[in-house]
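Visitor: My questions concern the predicted model and sequence given below.
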Amino acid sequence: MEESNVARSVLVTGGNRGIGLAIARRFAEQGDSVAVTHRGAPVPDGLLGVTCDVTDSEQVDAAFTEIEETHGPVEILVSNAGITDDSLLLRMSEEQFSRVLDANLTGSFRVAKRATRGMLRKRWGRLVFISSEVGLSGGAGQANYAASKAGLVGFARSLARELGSRNITANVISPGFVATGMTAVLPDERKRDILRQVPLGRGADTTEIAAAATFLASGAAAYITGAVLPVDGGLGMGH
């Protein structure tokens, strides 16, 4: 059976804004001890902010050490930090491609590897990776971003097989169109084009992604691992 009514040590990478912040707040509202990584931006009250660039292994290790000293070993990791750098293939530089892969996919590898150390000792852990519907459907001008988000699926499923016997689950959330700072820069016509393809006819609120994250970390999801949970209003049906 799962633990209940016990504050858990949670880390949300990129948790100081957008989807990450909504997830962090949801866990905090449940009474969990929540840390968020950031790269210098302010962190809301009630959350432990740790400066960390997930592309730097030394910063990742230092962040985990700080969290462990304050909240104890990370029991729930939500790997959310990510970037975009869109460009059509023939105009995309190798640096653009590599930089996005390093932040979104290899960054998730770095934090998951460091988190798993404590989870294995405890023989309990929850790994949640924030992917994207674009990772399954593709996106013109987003070859780097789509590849990084698709890679999270294979990564998480490999961890699910590798760590399942230690009561550590690994799952992926695949959001569709969400109203965040990242999507706010899109032209209005592009936003309308996307929403026309969504059966529910609207974008997601960040709190709806947060609900999926807390569910996957809850006792109700103890027998779910290696899953891709779409929270996309039906946009990606069939993937």
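Guide: Okay, I see it.

Visitor: how about the strands of the chain, start to end?
Guide: 9-12, 33-38, 48-51, 76-79, 125-130, 168-175, 228-231 (DSSP state E).

Visitor: export these to CSV and tack on mean pLDDT, distance to residue 98 and mean neighbour count?
Guide: Where you see a C-beta, it was placed from the backbone N, CA and C, and this is true even at glycine. Listed next are the strands of the chain as CSV, based on pLDDT from 0 to 100; distance: least, CB to CB, whole Å; neighbours: other CB atoms under 10 Å:
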stretch, mean pLDDT, distance to residue 98, mean neighbour count
strand 9-12, 98, 25, 28
strand 33-38, 97, 21, 26
strand 48-51, 97, 23, 18
strand 76-79, 98, 19, 28
strand 125-130, 98, 20, 26
strand 168-175, 98, 22, 25
strand 228-231, 97, 25, 19
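
Visitor: Any idea which of those strands gets closest to residue 154?
Guide: Of all those, strand 168-175 sits nearest to residue 154, with 9.8 Å by CB to CB.

Visitor: Could you export the strands of the chain as CSV, including distance to residue 86?
Guide: Converted to CSV, these look like this (distance: least, CB to CB, whole Å):
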stretch, distance to residue 86
strand 9-12, 25
strand 33-38, 23
strand 48-51, 27
strand 76-79, 21
strand 125-130, 18
strand 168-175, 17
strand 228-231, 22
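
Visitor: Quick check: residue 232 vs residue 139, distance?
Guide: 13 Å (CB to CB, to the nearest Å).

Visitor: again with residue 83
Guide: Here residue 83 is placed at a distance of 15 Å from residue 139 (CB to CB).

Visitor: Which residues are in contact with residue 144?
Guide: Residues in contact with residue 144, defined by CB atoms under 8 Å, 6 or more residues apart in numbering, are 85, 86, 92, 96, 97, 99, 100, 101.

Visitor: what's the burial count for the last one?
Guide: Read that as residue 101. 16 (other CB atoms under 10 Å).

Visitor: Assess the claim that it and residue 147 are in contact.
Guide: Yes. Between residue 101 and residue 147 there is a contact at 6.6 Å, judged by CB atoms under 8 Å.

Visitor: Run through the residues that contact residue 16.
Guide: 36, 37, 38, 41, 42, 43, 44, 47, 49 are the contacts of residue 16 under CB under 8 Å, 6+ apart.

Visitor: Now it: closest residue in space, sequence neighbours ignored.
Guide: Leaving aside its chain neighbours, residue 16 sits nearest to residue 38 (4.1 Å; criterion: CB to CB, 6 or more residues apart in numbering).

Visitor: pretty sure that neighbour contacts residue 53?
Guide: No. With contact defined as CB under 8 Å, residue 38 does not reach residue 53; the gap is 9.6 Å.

Visitor: Give me the below-cutoff pLDDT ranges for the chain.
Guide: Counting by pLDDT under 70, the chain contains low-confidence ranges at 1-5, 181-182, 184-185.

Visitor: in it, which spans are helices?
Guide: For the chain, applying DSSP state H gives helices covering 18-29, 57-71, 94-101, 107-122, 134-137, 143-163, 181-184, 188-196, 206-216.

Visitor: Residue 19 and residue 176 touch, don't they?
Guide: No. When contacts are counted by CB under 8 Å, residue 19 is not listed as touching residue 176 (11.8 Å).

Visitor: Can you give me the neighbour number for residue 215?
Guide: Number of residues near residue 215 (other CB under 10 Å) recorded here: 16.
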